[in-house]
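Visitor: Whatever this is, show me its structure:
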Amino acid sequence: MSTILDAETLLAVDVGTVNTRASLFDVVDGRYRLIATGRAPSTAAAPLYDVSEGVRLAMDQIRTVTGRQLVDESDLLIMPVTSQGSGVDLFVATGSAGPKVRTVLVGLMPGVSTASALRMAESTYLDLVEVVNLLDRRKDEDKISAIVSAQPDLILIVGGTDGGAQTSVMQLVDLVTMATELIPRSQRPRIIFAGNQELAPQLGQRIGEHYDIAVAPNARPRLHHENLTQARLAIGEAIAEVRSKRATGFDELDQWAGGTLGLTADAYGRVFRYLSRIYDPEKGVLGIDVGAAHTMVAASFEGDLRLSVDTELGLGSAVHNILRRSNLERVMRWLPFEISVSRMRDYIFNKAMNPTTVPTTPDDLALEMALTREVIRVALLKARESWPRGKDLASTWVMPPAEPIIGSGGSLSRAPSAGMAALALLDGVQPTGVTTLVLDPHNLSASLGAAAGAVPLLSVHVLESGSYVSLGTVVSPVGQARAGRRVLTLRLEPEDSNEDIAGEIRMGQLVVLPLGQGSYSRLTLRPERGIDVGFGAPGKAGALRVAGGAVGLIIDARGRPLELPDDPAVRLELNDQWLRDIGAKE
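Guide: Predicted coordinates for the structure are as follows:
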């Protein structure tokens, strides 16, 4: 063992809807490093309904790469590390696989406790099928019928500040009790009460012993104060229980993890809350993970995490929902070639039915990347509804500054070039000012978040290592200008050479300047009047030190928001040109 680290070898497993990933970390020269990763198809769904099979296949890939034996003859995890070098010192696990938890939300006031509960529900894997509140004009019998018809796995009751409303909250509890009485005992949902804590002693008497009820701290203890953390833990337990009933293997993972098996979204958000405390406090930190069944958006502003789990959007089984949340024309506008509506629709539904398939032709790859752009765009629109004032959609349509922006998900990590992944992020997010685009090719963020509680140094060391790929620094001027008009002049002074680069950028251009990974330069920007590049005001010039990346220094002067031409021929030509400009196509 290291004298400064409590555990040298850590194995992290994340069970997703389509893929199960295992990541092995070890200490190299006194710092944690990613040693190997393994990926296998998830086995939480038919025909196996046993997550452990996919976990062992992913772990076996690590054994093949490293030669390290991770399980014994009985297929049990070896822990701690043996004198022969087998096993690991620590195991952490997260999961997002399994069915969505059908949830009924029962709240007091729509703009207060119910709003807090909605934000909480949207940050995890809940399928909100019914909402009942005090201002609901339906008759009580209709509310009861709606709850029963929803066939919920979970009923979440919120309302009343601590020491506040009691009678009206208990009326809602009675409503839930009557509805639950009509559900067969074997199918009764779990009930979580996260309201006025002074009512907790009465719940047992009012609800009775035949109900599965958990009392969590008040989600809205005071009128202008939210406390969602503890309630989220109770919801996480409910989600774990529902998934354990429908797929085996989760209990074994939880045992290996010492009872700390958590939700992927919670661990993912933890990393971005940490990053927001060490990066520029004037900006937020943004993470986007495009999964098969879910899309996560984590935005954190000086430790204030806003996490959104969009359970209706993904690039696998949920991809068809893009037709409801957007439309085919919006997806097809990102393509560099003509395609019929019927072919586009066929691709989407085939992908939904066969979520494990990957693009095998250039055209299929372009279709997948077009879907990636639109999924990111739509997921961000929803996520920004809950962002702080001044950064939300009600305040501004353009994206607020973020540093860095970290993208992950199969479509981005499988992109055949860094430029293609960068362009998908640029088009989907449309960042403003100066930021850094980063790719998480091994989907490590959730695993680092899960490990942070036990081994905080691991997250720090791995984030500073080369396991994340910097795509490059991006400069995105904001302001109104005619196409072709000069919007800024720049000078790039590399620290490792005397060959400065100077020039001007015109509206509509996408320019990449050479600045490789590990290289730094001084960048001086002089925007034109009315053009803002992030120095505090339109027209204000400035200089800063910028880092290179796999793509280089990217200047995106295509406008914010990015408006594509209505003329199909011009639009196709532009999409093709942008691929060439960013180095994704020769």
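Visitor: Next secondary structure after the longest helix along the chain?
Guide: The longest helix of the chain (DSSP state H) is helix 362-383. From helix 362-383 onward toward the C-terminus, using DSSP states H and E, the following helix or strand is strand 402-409.
Visitor: what packs against the helix-or-strand element of the chain with minimal mean pLDDT?
Guide: Within the chain, confidence by mean pLDDT, DSSP states H and E is lowest for helix 200-207 among all helices and strands, at a mean of 77. Here helix 200-207 touches helix 167-181, strand 190-193, strand 213-215, going by 3 or more C-beta pairs under 8 Å, 6 or more residues apart in numbering; DSSP states H and E. Every C-beta, even on glycine, is put in place using the N, C-alpha and C of the backbone.
Visitor: Relative to residue 465, how far out is residue 110?
Guide: In this structure, residue 110 and residue 465 are 47 Å apart, going by C-beta to C-beta, to the nearest Å.
Visitor: Same check on residue 49?
Guide: Per C-beta to C-beta, residue 49 is found 37 Å from residue 465.
Visitor: Can you show me the strands along the stretch 451-586 of the chain?
Guide: In the stretch 451-586 of the chain, strands defined by DSSP state E, counting those that start in this stretch lie at 469-476, 486-494, 501-506, 510-513, 520-527, 542-547, 553-556, listed in chain order.
Visitor: picking that back up, what would the longest helix of the chain look like as PDB? C-alpha coordinates only.
Guide: Provided in PDB are the C-alpha atoms of helix 362-383 (Å, rounded to 0.1, in the frame of the first residue of the first chain):
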ATOM      1  CA  PRO A 362     -20.600   7.400 -43.700                       C
ATOM      2  CA  ASP A 363     -24.300   8.200 -44.300                       C
ATOM      3  CA  ASP A 364     -25.400   6.400 -41.200                       C
ATOM      4  CA  LEU A 365     -22.700   8.200 -39.200                       C
ATOM      5  CA  ALA A 366     -23.900  11.500 -40.400                       C
ATOM      6  CA  LEU A 367     -27.500  10.600 -39.400                       C
ATOM      7  CA  GLU A 368     -26.300   9.600 -35.900                       C
ATOM      8  CA  MET A 369     -24.400  12.800 -35.400                       C
ATOM      9  CA  ALA A 370     -27.300  14.900 -36.600                       C
ATOM     10  CA  LEU A 371     -29.500  13.100 -34.000                       C
ATOM     11  CA  THR A 372     -26.800  13.800 -31.400                       C
ATOM     12  CA  ARG A 373     -26.900  17.500 -32.100                       C
ATOM     13  CA  GLU A 374     -30.700  17.700 -31.800                       C
ATOM     14  CA  VAL A 375     -30.800  15.500 -28.700                       C
ATOM     15  CA  ILE A 376     -28.200  17.800 -27.000                       C
ATOM     16  CA  ARG A 377     -30.100  20.900 -28.100                       C
ATOM     17  CA  VAL A 378     -33.500  19.700 -26.800                       C
ATOM     18  CA  ALA A 379     -32.100  18.300 -23.600                       C
ATOM     19  CA  LEU A 380     -30.400  21.600 -22.900                       C
ATOM     20  CA  LEU A 381     -33.600  23.600 -23.500                       C
ATOM     21  CA  LYS A 382     -35.400  21.500 -20.800                       C
ATOM     22  CA  ALA A 383     -32.400  21.600 -18.400                       C
END
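Visitor: domain ranges for this structure?
Guide: The chain is divided into the following domains under automatic domain parsing: 10-95, 101-245, 266-315+384-581.
Visitor: wait, which of the strands of the stretch 451-586 of the chain is closest to residue 398?
Guide: Of all these, strand 469-476 sits nearest to residue 398, with 9.3 Å by C-beta to C-beta.
Visitor: any idea of the angle that closest one forms with strand 486-494?
Guide: 140 degrees (axes from the mean of the first three to the mean of the last three C-alpha atoms, to 10 degrees).
Visitor: which residues sit against strand 469-476?
Guide: Outside strand 469-476, the residues that touch it by C-beta atoms under 8 Å, 6 or more residues apart in numbering are 418, 421-422, 425-426, 430-441, 490, 512, 515, 517, 523, 525, 533, 546-557, 560.
Visitor: any idea of the mean pLDDT in that strand?
Guide: Average pLDDT, strand 469-476: 95.
Visitor: Give me the buried positions along stretch 161-176.
Guide: 161, 162, 164, 165, 169, 170, 172, 173, 175, 176 (16 or more other C-beta atoms under 10 Å).
Visitor: Let me have those in TSV, extended by distance to residue 340 and pLDDT.
Guide: Formatted as TSV, the buried residues of stretch 161-176 follow (distance: C-beta to C-beta, whole Å; pLDDT from 0 to 100):
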residue	distance to residue 340	pLDDT
161	57	82
162	59	82
164	59	83
165	57	80
169	55	87
170	59	89
172	52	89
173	55	88
175	51	91
176	50	90
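Visitor: from these, which is closest to residue 301?
Guide: Once C-beta to C-beta is applied, the member of the buried residues of stretch 161-176 that ends up nearest residue 301 is residue 161, at 25.4 Å.
Visitor: okay but the closest one is in contact with residue 223, surely?
Guide: Yes. With contacts counted by C-beta atoms under 8 Å, residue 161 reaches residue 223, the gap being 5.9 Å.
Visitor: Quick check: which element contains the nearest residue to residue 303 once chain neighbours are set aside?
Guide: If the residues on either side of it in the chain are set aside, residue 303 comes closest to residue 277, at 5.4 Å by C-beta to C-beta, 6 or more residues apart in numbering. According to DSSP H and E, residue 277 maps onto helix 264-278.
Visitor: before we move on, back to that, show me the two of the buried residues of stretch 161-176 that sit farthest apart.
Guide: Among the buried residues of stretch 161-176, the pair separated by the greatest distance (C-beta to C-beta) is 162 and 175, at 21.7 Å.
Visitor: any idea which of the helices and strands packed on helix 200-207 scores lowest on pLDDT?
Guide: strand 213-215 (a mean of 86).
Visitor: What is the burial count for residue 476?
Guide: By other C-beta atoms under 10 Å, 26 other residues sit near residue 476.
Visitor: do residue 467 as well
Guide: 19.
Visitor: Hmm, it is touching residue 444, no?
Guide: Yes. In this structure residue 467 lies within contact range of residue 444 using C-beta under 8 Å: 6.0 Å.
Visitor: Identify the contacts common to these two.
Guide: residue 34.
Visitor: What ranges in the stretch 101-250 of the chain fall below the confidence cut-off?
Guide: 208-210 (pLDDT under 70).
Visitor: That one: helices as residue ranges?
Guide: Taking DSSP state H, counting those that start in this stretch as the criterion, the stretch 101-250 of the chain carries its helices at 113-121, 140-149, 167-181, 200-207, 229-246, 250-256.
Visitor: Can you name the helix or strand that residue 296 falls in?
Guide: Applying DSSP H and E, one finds residue 296 within strand 295-301.
Visitor: Put the alpha carbons of that strand into PDB.
Guide: Only the C-alpha atoms of strand 295-301 are listed here, as PDB (Å, rounded to 0.1, in the frame of the first residue of the first chain):
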ATOM      1  CA  THR A 295     -29.500  12.200 -21.600                       C
ATOM      2  CA  MET A 296     -28.000  13.900 -18.600                       C
ATOM      3  CA  VAL A 297     -27.200  17.600 -18.300                       C
ATOM      4  CA  ALA A 298     -25.200  18.700 -15.300                       C
ATOM      5  CA  ALA A 299     -24.600  22.400 -14.800                       C
ATOM      6  CA  SER A 300     -22.900  23.700 -11.700                       C
ATOM      7  CA  PHE A 301     -22.400  27.300 -10.700                       C
END
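Visitor: Specify the angle between it and strand 402-409 in degrees.
Guide: 160 degrees.
Visitor: and residue 11, how many neighbours does it have?
Guide: Neighbourhood size, residue 11 [other C-beta under 10 Å]: 28.
Visitor: next structured bit after the helix or strand hosting it?
Guide: Take DSSP H and E as the rule and residue 11 turns out to sit in strand 10-15. As assigned by DSSP H and E, the chain's next helix or strand after strand 10-15 is strand 19-28.
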